[in-house]
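>>> sequence first, then the predicted structure, then my questions.
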Amino acid sequence: MRGIVYTGDKAELTDELGLRDPGTTEVVVRTIAAGVCHSDLSVVDGTIPWPSPSVLGHEGAGVVEEVGSAVTMVKPGDHVVVSTLASCGMCRWCNTGRPAWCRRSMGNVSQPFTFRGDPAYNFAATSSFAERTVVQQVQAVPISKDVPLESACLIACGVLTGVGAVLNRARVDPGDTAAVFGVGGVGLNVIQGLRLASASRIVAVDSVASKESLARAFGATEFVDASRTDPVAAIRELLPTGGGEGGGMATSGVDWAFECVGSEKVLASALEVLDWGGTCVAVGVPAPTAEVPVRVTHLTHVDRGLIGCRYGSSRPRHDIPLLVGLYLDGRLMLDELVSRTEPLEGFDAVVADMHDGKLARGVLTF
């Protein structure tokens, strides 16, 4: 079986993978398409510590091929989006509609594969960079066959994370203002989440000026080129609050700032650009040791906040059908996220374009 394996120092295309049979509550999915996300690259560069050898990929869609004896949620032939949340379904958080907080859904490292005859790990409970993968039935969410799987695969991470950060975690109100730092696959979905939430001003920020047209297509009302200007000053100029000196503290900015890069420096800027009562949502994933300095009075004196967001605080078995419905109604942009499709052999070319900021999302096809 073919796939892309992290060997400990690089990502390697191989045809020497094996896969075990599904357990009683597991399903085997034949992968049709998989998005290439920065989190996969973060394993390779060491930002996300992960054991090796492991089969990469976590943004996949495909067709159910085989099911375990106790599986009731899907059947062979179903088209599915594969979520990374292998939540237990029994804990307090699963039973109060917060599966992203399920402790058993964190990591889920196991060895369902073999690589050259030796055990190999999965990644993010998914491993969608393989022709076939085995996951828990709760992860395989059936979707309409009217949705191209090359587009649907992006729901599995980028769309759930970005749109979910707005609708589930922040719960942005109509008329709110927002800044989105980072116009990649996740940032674009934050932008369209804000559009769906009827935010009044959506300021996209990126250091690649060519991303402006795509940001505006997804719903941004303004764009700030961070390579040419200080984004904090630019956003304050775009959204002045007025009405007093503010005791020396900023009196302009946005209600919400979403950091989608995974950078301490960018997160600091996102905090600085908040208006009084504003909240910053940390969406991007930095190295585990990353910290951000913040003046406590910048938060306490004017009710600003900083919150984290894991996987869009998503409820995949609820949110994926909802997002598919929005796509079929013409309200959610999926096809437009796909900047490039390549077979597995094109993985390195997709990665190079990602590093150059040329893609919303590159998709591997099988």
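Right, received. Where do you want to start? Residues are numbered from 1 along each chain as shown.

>>> any idea how many residues pack against the nearest residue to S69 once chain neighbours are set aside?
Nearest in space to S69, with sequence neighbours left out and distances taken as CB to CB, 6 or more residues apart in numbering, is T24 at 5.1 Å. In this view, the C-beta of every residue, glycine as well, is placed from N, C-alpha and C. Look at T24: counted by other CB atoms under 10 Å, it has 10 neighbours.

>>> give me the element T24 is part of.
Per DSSP states H and E: T24 is located in neither a helix nor a strand.

>>> quick one: contacts for it?
68-71 (CB atoms under 8 Å, 6 or more residues apart in numbering).

>>> ok, now M1?
For M1, the contact set (CB under 8 Å, 6+ apart) comprises 15, 17-19, 130-132.

>>> and if you look at V44?
By CB under 8 Å, 6+ apart, the contact set of V44 is 6, 10-11, 56.

>>> I'd like the distance between it and G357.
Taken as CB to CB, to the nearest Å, the spacing of V44 relative to G357 amounts to 18 Å.

>>> on that earlier part again, buried subset of the contacts of T24, written for ChimeraX?
In ChimeraX, a selection of the buried entries from those looks like this (16 or more other CB atoms under 10 Å):
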select :68,71
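
>>> biggest separation within the contacts of T24, which pair?
Taking CB to CB as the measure, the contacts of T24 span a maximum distance of 7.3 Å, between S69 and V71.

>>> now the helices for the stretch 251-366 of the chain?
In the stretch 251-366 of the chain, the segments counted as helices under DSSP state H, counting those that start in this stretch are 264-272, 296-300, 316-328, 347-355.

>>> the stretch 1-150 of the chain too?
Using DSSP H, counting those that start in this stretch, helices in the stretch 1-150 of the chain cover 38-44, 149-152.

>>> following element in sequence after the shortest one, please.
Remark: after helix 149-152, the chain's next helix or strand is helix 158-164, criterion DSSP H and E.

>>> helices or strands up against that next one?
Other elements packing on helix 158-164 under the criterion 3 or more CB pairs under 8 Å, 6 or more residues apart in numbering; DSSP states H and E are helix 185-196, helix 316-328.

>>> sorry, back to before: filter the contacts of V44 to the buried ones?
So, by 16+ other CB under 10 Å, the buried ones in those are 6, 11, 56.

>>> can I assume the second one is in contact with V36?
No: judged on CB atoms under 8 Å, A11 makes no contact with V36 at a distance of 10.1 Å.

>>> which residues are common contacts for these two?
Counting by CB under 8 Å, 6+ apart, the common neighbours of A11 and V36 are 347, 351.

>>> dump the residue contacts of the residue nearest to L334 when sequence neighbours are not counted.
The spatial neighbour of L334 that comes closest, neighbours along the chain excluded (CB to CB, 6+ apart), is S151 at 4.0 Å. Contacts for S151 (CB under 8 Å, 6+ apart) come out as 327, 334-335, 337-338.

>>> just the closest of the residues you listed to E291, please.
Using CB to CB, the shortest approach to E291 within the contacts of S151 belongs to L337, at 31.6 Å.

>>> next, count neighbours for the closest one.
The burial count for L337: 24, using other CB under 10 Å.

>>> contacting residues for it?
If a contact means CB under 8 Å, 6+ apart, then L337 has 151, 154, 158-159, 185, 188-189, 360-361 as its contacts.

>>> what do you get if the cut-off is 7 Å, keeping everything else the same?
L337 is in contact with 154, 185, 188, 360-361, counting by CB atoms under 7 Å, 6 or more residues apart in numbering.

>>> leaving out sequence neighbours, find the closest residue to the residue nearest in space to the middle of the chain.
Compute the mean C-alpha point of the chain, and by CA atoms, centre = their mean the closest residue is G158, 3.3 Å away. Distances taken as CB to CB, 6+ apart put G185 closest to G158, at 3.9 Å, once the chain neighbours are dropped.

>>> narrow the contacts of S151 to those in strands?
V338 (DSSP state E).

>>> for the contacts of S151, which one is nearest A233?
Each of the contacts of S151 was scored against A233 by CB to CB, and L337 proved nearest at 30.6 Å.

>>> how close does the nearest residue to S210 once chain neighbours are set aside get to S227?
With CB to CB, 6+ apart as the criterion, S210 has its nearest non-adjacent residue at 7.5 Å, and that residue is G357. Distance, G357 to S227, using CB to CB: 10 Å.

>>> neighbour count: these two, which is higher?
Shown here are G357 and S227; by other CB under 10 Å, G357 has more neighbours (14 against 10).

>>> wait, doesn't that one sit right on L214?
No: the pair G357 / L214 is not scored as a contact, 10.8 Å apart, by CB atoms under 7 Å.
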